[in-house]
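A.B. asks: can you look at this prediction? I've put the sequence above it.
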Amino acid sequence: MRIIPVSRLSRRPMGLGLLFLLICLFGAGTALGQQQESMSQRPVAAPQGSGDIGSDYWRALRQGESGYSASAPGRQSDLINVSGSAWMTQRNEEVTKIGAWAFAIFAGAVLLFYLARGTVRVDKGRSGRVVERWPLAHRIIHWWVAVLFIIQLFSGLVILYGKSLLIPLLGKETFGVLAQLAKTTHNYLGPLLFVGMVVMIVAWLKHNIPKGVDFSWFAKGGGLVGKGHPSAGYLNGGEKAWFWLVATVGGLIVVTGMVLDFPQFGQTRETMQSMNYLHGVAGLIVGAMTIAHIYIATLGTEGAMEGMLNGYVDVNWAEQHHDLWYEEVKDQAIDAESLQQEGGSSGSTVGGDQPSSSPA
């Protein structure tokens with residue numbers, strides 16, 4: 001497998017992707033304002049007048065007449081779903097605001113940081129020698145979760161913000177097709193993301209136990225501010241923090257998603273409404289923070305993406321960003337040219353654990 005420098009892989013396509021994402025995110029915030037304005041200007045329907053069949057129906061109920069209800073067991077007496085209106089208001093006025101602000105804040109912060117700091121380069125340049133960092137099995141796990149999450153994120157944004165953002169651009173009929181596609185995709189890919197999350201958490205848990213050096217890493221700003229780079233093992237404090245965010249808040253996303261995906265197990269209406277609220281808030285939080293994760297792995301840090309693409313990183317990158325781990329594996333470094341001749345990472349370990357280059 002040929003090793004392609006990340007500078008060519010990430011700066012252009014990843015940069016354009018990040019720019020597109022930022023535009024969409026700021027657009028969502030604008031659409032939120034438009035949605036709320038249109039809701040405030042929407043006329044309120046007049047109550048049904050006397051003689052209307054609806055009035056006759058409610059009058060008969062007040063007089064004690066009985067009838068048939070098609071509601072689910074336990075809900076037959078709920079003739080007016082007050083909680084549904086409250087939930088809809090909460091979703092439109094709280095969840096959408098949380099998401100718009102979260103995306104705007106993280107997108108703006110990343111953009112400002114990039115303009116001020118730029119890309120963190122490999123200080124000593126490329127050495128031409130590499131060490132294995134991510135074996136094939138772990139790269140498959142990462143991209144399984146990453147690709148599914150991005151698809152779920154965008155389909156979820158279509159469902160949440162589509163009416164205000166996309167209908168003016170696409171029209172109601174086209175948006176209706178897109179919304180149905182987004183809903184179907186979201187529902188069917190959810191269980192696959194759940195499986196990937198479970199496998200990822202189990203496989204990477206032992207490498208993400210916090211250690212004293214991780215707190216020192218945070219105290220020194222992770223090397224993104226100031227000069228020099230703090231010591232770090234196989235995973236630094238920031239990577240471990242991201243793992244635990246994904247494991248907890250991301251875990252909440254997939255668990256609530258499974259509850260919503262399979263409503264046939266006796267969940268009450270209130271349970272489904274609560275799960276929907278938590279699912280939306282958690283998804284927006286992790287989605288917003290994903291902007292920072294993508295930035296650090298691509299435009300923010302030279303050489304970082306290579307390890308997750310072909311499994312190997314330059315030894316100078318390893319020494320600069322993960323010096324404690326590099327001391328453990330530096331004897332296993334090989335020439336990048338010989339790796340290309342041998343077929344790249346085809347010999348990477350395929351298994352649940354790291355190869356000999358992994359931490360103890």
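C.D. replies: Perfect, thanks for sending it.
A.B. asks: what strand or helix carries Ala116?
C.D. replies: For Ala116, the host element (DSSP states H and E) is helix 96-117.
A.B. asks: which of the residues in the very next helix or strand once past that helix are buried?
C.D. replies: Where DSSP H and E defines the elements, the next helix or strand beyond helix 96-117 is strand 129-132. Within strand 129-132, the residues that count as buried by 16 or more other C-beta atoms under 10 Å are 129-132. Backbone N, C-alpha and C define where each C-beta goes, glycine included.
A.B. asks: alpha carbons only: can I get strand 129-132 in PDB?
C.D. replies: Extracted as PDB, the C-alpha positions of strand 129-132 are listed here (Å, rounded to 0.1, in the frame of the first residue of the first chain):
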ATOM      1  CA  ARG A 129      11.300   6.300   8.600                       C
ATOM      2  CA  VAL A 130       7.900   5.200  10.100                       C
ATOM      3  CA  VAL A 131       6.500   3.200  12.900                       C
ATOM      4  CA  GLU A 132       3.100   1.400  13.000                       C
END
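A.B. asks: can you give me the angle the helix or strand just after that strand makes with helix 96-117?
C.D. replies: From strand 129-132 onward toward the C-terminus, using DSSP H and E, the following helix or strand is helix 136-165. Relative orientation of helix 136-165 versus helix 96-117 (axes from the mean of the first three to the mean of the last three C-alpha atoms, to 10 degrees): 120 degrees.
A.B. asks: now do the contacts for Glu337.
C.D. replies: Gly128 (C-beta atoms under 8 Å, 6 or more residues apart in numbering).
A.B. asks: can you check Trp134 too?
C.D. replies: Counted by C-beta under 8 Å, 6+ apart, Trp134 has contacts 142, 307-308, 311.
A.B. asks: repeat the analysis, applying 6 Å as the threshold.
C.D. replies: For Trp134, the contact set (C-beta atoms under 6 Å, 6 or more residues apart in numbering) comprises 307-308, 311.
A.B. asks: ok, of those residues, which one's closest to Phe265?
C.D. replies: Met308 (37.2 Å; C-beta to C-beta).
A.B. asks: number of residues surrounding the closest one?
C.D. replies: Look at Met308: counted by other C-beta atoms under 10 Å, it has 17 neighbours.
A.B. asks: how about the one 5 residues further on?
C.D. replies: As a burial measure, the neighbour count of Val313 was computed by other C-beta under 10 Å and equals 24.
A.B. asks: doesn't it fall inside a helix?
C.D. replies: No - per DSSP: H, G, I helix; E, B strand; the rest coil, Val313 lies outside any helix segment and is strand.
A.B. asks: now the contacts of Trp134 as CSV including distance to Ala288 and pLDDT?
C.D. replies: Below are these laid out as CSV (distance: C-beta to C-beta, whole Å; pLDDT from 0 to 100):
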residue, distance to Ala288, pLDDT
Gly307, 25, 94
Met308, 21, 96
Gly311, 29, 95
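A.B. asks: Gly125: which of these is nearest?
C.D. replies: Gly307 (17.5 Å).
A.B. asks: what's the nearest residue to the closest one if we skip its chain neighbours?
C.D. replies: Arg133 (4.0 Å; C-beta to C-beta, 6 or more residues apart in numbering).
A.B. asks: tell me the phi and psi of that neighbour?
C.D. replies: Backbone torsions of Arg133, given as degrees, to the nearest 10, read phi -110, psi -50.
A.B. asks: how close does it get to Val202?
C.D. replies: Remark: distance between Arg133 and Val202 (C-beta to C-beta, to the nearest Å) = 20 Å.
A.B. asks: those two: who's more crowded?
C.D. replies: Using other C-beta under 10 Å as the criterion, Arg133 and Val202 rank with Arg133 on top: 25 against 11.
A.B. asks: Gly228 in helix, strand or coil?
C.D. replies: Assignment for Gly228 (three-state DSSP): coil.
A.B. asks: show me the contact partners of the helix or strand in which Ala241 is found.
C.D. replies: Here Ala241 sits within helix 237-245, counting by DSSP H and E. With C-beta under 6 Å, 6+ apart as the test, helix 237-245 has contacts from 208, 214, 217-218, 222, 293.
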